[in-house]
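Novice: coords please:
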Amino acid sequence: MRLGLYGGTANNCYVFAHAFAQSGISVRFIRDRSDSFSFSQPVWEDNRFTQSYKDVSASASFPWEWWSRKEVEVKWRPPDWLLDPMRSEPVHESPKPLRSSFWIAKYILGGHCRATVLEMMQACDALIVCGVEAAILASVAGKPYGIWPHGGDIRLAAGLHPVPRRFWRWPSHFALVHTIRRAYKRAVWVGTHDPKGIGAHIGDISRLLTKVNFRHVPIPISTQSRPVQDERRTRLIKLLAELGHNSPERQHVGFVPSRMDFSWKGQDRLLDAMAGLTDRSRPHLIFSGWGRDYSEAKRIVQEKGLAQCVTFLQVSLSKPLLCEMFSACDFAVDQFHAGTYGTAMVEAMACGLPVIMWIDEEVYENRGWESPPVINCRTTADIAKALIRITSNSLDLEEAGRLSQAWVARVHNPEVVLANVLEFFKC
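Specialist: The predicted model follows:
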């Protein structure tokens with residue numbers, strides 16, 4: 001079977017493609033030229049480099065020549081199973097979408113490379129897609145397909161995106177919602193490792209999409225060897241020096257990799273917890289220095305006297321560098337709002353890193369899924385207690401890290417995940 005994958009957001013399909021290729025499955029990853037955001041580029045997944053936060057924020061509107069230069073600069077070599085619709089021969093005759101309509105035909109012709117992508121999809125035996133455009137194209141390609149949503153796409157299908165204020169935009173909005181919802185219903189399966197269906201704090205989104213075959217499909221990730229504590233600190237000193245920062249003097253160092261967004265991530269609770277501790281009880285925290293609440297976070301740090309125990313990175317780290325940071329720190333901090341986890345948390349735990357975050361264990365139990373063994377916190381008081389346990393050494397971080405890796409090996413094991421996905425296509 002030749003498996004096609006399409007959808008750039010956060011490189012989710014690219015991660016699946018790598019795993020399938022390594023397992024010996026014939027794959028064709030179709031590069032998503034509708035998404036130029038940094039975190040959605042294959043080079044971001046494969047090569048070691050940094051990017052300014054200014055460029056990250058602006059990258060969604062970068063011309064493709066910018067990325068071509070960057071790929072040459074960092075010596076990126078695309079895998080031989082990657083197909084690029086911008087580099088292929090032009091489609092002289094439009095591919096024939098099945099179950100077509102005037103709106104679908106207009107949609108295909110109105111988007112950059114959509115006709116070429118559809119032609120590439122039709123050359124595959126089955127598809128895995130991620131994103132709005134990807135799901136719509138897969139639904140008319142005439143091939144069995146599964147959808148691995150990233151969030152905004154499934155929320156649009158569930159009708160949770162706000163209706164445009166200008167009434168003349170309503171027809172196109174409702175046509176898009178109708179088409180993406182139909183794509184979800186036609187999918188062989190819709191998979192995620194989020195028991196809320198990527199509903200986050202909205203709640204269980206799967207209840208809003210009837211006649212959709214939801215499946216448990218964790219993203220396939222392998223565990224990495226965990227350095228001992230002294231080696232971790234040596235690596236951290238070297239990595240921070242490379243990034244232009246001094247090494248933290250405190251015994252325990254935590255990494256907060258996600259964007260600064262208080263409403264979605266809740267880092268304000270983390271900062272409030274740090275401020276409520278005595279100086280001796282505080283670990284050192286390394287934050288990503290971007291997001292809509294970045295300036296407010298810096299103000300809080302200065303106002304509450306936390307400058308000596310907080311570092312804001314000045315650049316964004318590509319995936320290899322991000323994993324190096326995971327391997328060099330003592331713990332990570334994720335979110336305190338959604339109650340579920342994303343890819344970054346799995347990657348941290350795969351490196352043996354304990355994670356402080358909120359997991360709504362009840363929703364996992366209701367699904368019959370194993371929840372991740374995190375340091376479970378939701379409130380400022382919970383977070384403060386966890387930090388005190390870490391700095392007082394009453395919490396065994398090494399054992400917590402081993403539990404994290406064992407869970408990843410059980411739940412996100414590529415061999416198990418990929419075998420299940422292939423079985424879903426047979427049903």
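
Novice: how about low-confidence regions in the stretch 101-250 of the chain?
Specialist: For the stretch 101-250 of the chain, the stretches with pLDDT under 70 are 198-204.

Novice: Helices along that one, start to end?
Specialist: Shown for the stretch 101-250 of the chain, the helices assigned by DSSP state H, counting those that start in this stretch span residues 102-109, 114-122, 132-139, 152-157, 170-186, 229-242.

Novice: Tell me who's in contact with residue 263.
Specialist: residue 337 (Cβ atoms under 8 Å, 6 or more residues apart in numbering). (Each C-beta comes from the backbone N, C-alpha and C, glycine too.)

Novice: now swap in residue 121 and tell me
Specialist: By Cβ under 8 Å, 6+ apart, the contact set of residue 121 is 4, 6, 30, 127, 137, 138, 141, 143.

Novice: so what's residue 285 bridging to?
Specialist: Bridge pairing for residue 285 (DSSP bridges) gives the partners residue 254, residue 310.

Novice: Tell me which residues of the helix or strand harbouring residue 408 come out buried.
Specialist: If you go by DSSP states H and E, residue 408 is part of helix 397-411. Neighbour-count burial for helix 397-411, counted by 16 or more other Cβ atoms under 10 Å, picks out 397, 400, 401, 403, 404, 405, 407, 408, 411.

Novice: Out of these, flag the one nearest to residue 370.
Specialist: If you rank those by distance to residue 370 using Cβ to Cβ, residue 411 comes first, at 5.9 Å.

Novice: Can you tell me the closest non-neighbouring residue to that closest one?
Specialist: Once flanking residues are discounted, residue 411 sits nearest to residue 218: 5.3 Å by Cβ to Cβ, 6 or more residues apart in numbering.

Novice: The one you found: how many residues sit nearby?
Specialist: Residue 218: 22 surrounding residues under other Cβ atoms under 10 Å.

Novice: Burial check on the residue lying closest to residue 79 once chain neighbours are set aside, number of neighbours?
Specialist: Spatially, and ignoring its direct neighbours in sequence, residue 79 is nearest to residue 21 (6.8 Å; Cβ to Cβ, 6+ apart). For residue 21, the count of nearby residues is 18 (other Cβ under 10 Å).

Novice: Name the helix or strand for residue 21, please.
Specialist: Judged by DSSP H and E, residue 21 forms part of helix 12-22.

Novice: Name the strands paired with the helix or strand just after that helix and say parallel or antiparallel.
Specialist: Next along the chain after helix 12-22, taking DSSP H and E as the criterion, comes strand 26-30. Strand pairing for strand 26-30, using DSSP bridges, gives strand 2-6 (parallel), strand 82-83 (parallel).

Novice: give the contact list for residue 267.
Specialist: Counting by Cβ under 8 Å, 6+ apart, residue 267 touches 256, 258, 260, 261, 287, 293, 297, 333.

Novice: for the residue nearest the centre of the chain, what are its contacts?
Specialist: Nearest to the geometric centre of the chain sits residue 343, at 4.4 Å (Cα atoms, centre = their mean). Contact analysis of residue 343 by Cβ under 8 Å, 6+ apart lists 10, 12, 15, 219, 221.

Novice: Would you mind measuring from it to residue 192?
Specialist: Separation of residue 343 from residue 192 (Cβ to Cβ, to the nearest Å): 11 Å.

Novice: do the same with residue 324
Specialist: With Cβ to Cβ as the criterion, residue 324 and residue 192 are 28 Å apart.

Novice: Please say which of these two ends up with more neighbours.
Specialist: The neighbour comparison of residue 324 against residue 192 (other Cβ under 10 Å) goes to residue 192, with 24 against 18.

Novice: If that one is in a bridge, with which residues?
Specialist: On the basis of DSSP bridges, residue 192 is bridged to residue 216.

Novice: show me the contacts for it.
Specialist: If you count contacts by Cβ under 8 Å, 6+ apart, then residue 192 has 148, 149, 198, 214, 216, 217 around it.

Novice: now swap in residue 56 and tell me
Specialist: Each residue near residue 56 by Cβ under 8 Å, 6+ apart is listed here: 38, 39, 290, 316.

Novice: Now for the second one, how many residues are close by?
Specialist: Residue neighbour count, defined by other Cβ under 10 Å, stands at 17 for residue 39.

Novice: any idea which helix or strand carries residue 295?
Specialist: helix 294-303.

Novice: who does that helix touch, helix- and strand-wise?
Specialist: helix 267-275, strand 310-312 (3 or more Cβ pairs under 8 Å, 6 or more residues apart in numbering; DSSP states H and E).

Novice: Columns mean pLDDT and distance to residue 244 on top of the ones you listed, output as JSON lines?
Specialist: Shown next, in JSON lines, are those (pLDDT from 0 to 100; distance: least, Cβ to Cβ, whole Å):
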{"stretch": "helix 267-275", "mean pLDDT": "97", "distance to residue 244": "22"}
{"stretch": "strand 310-312", "mean pLDDT": "96", "distance to residue 244": "10"}
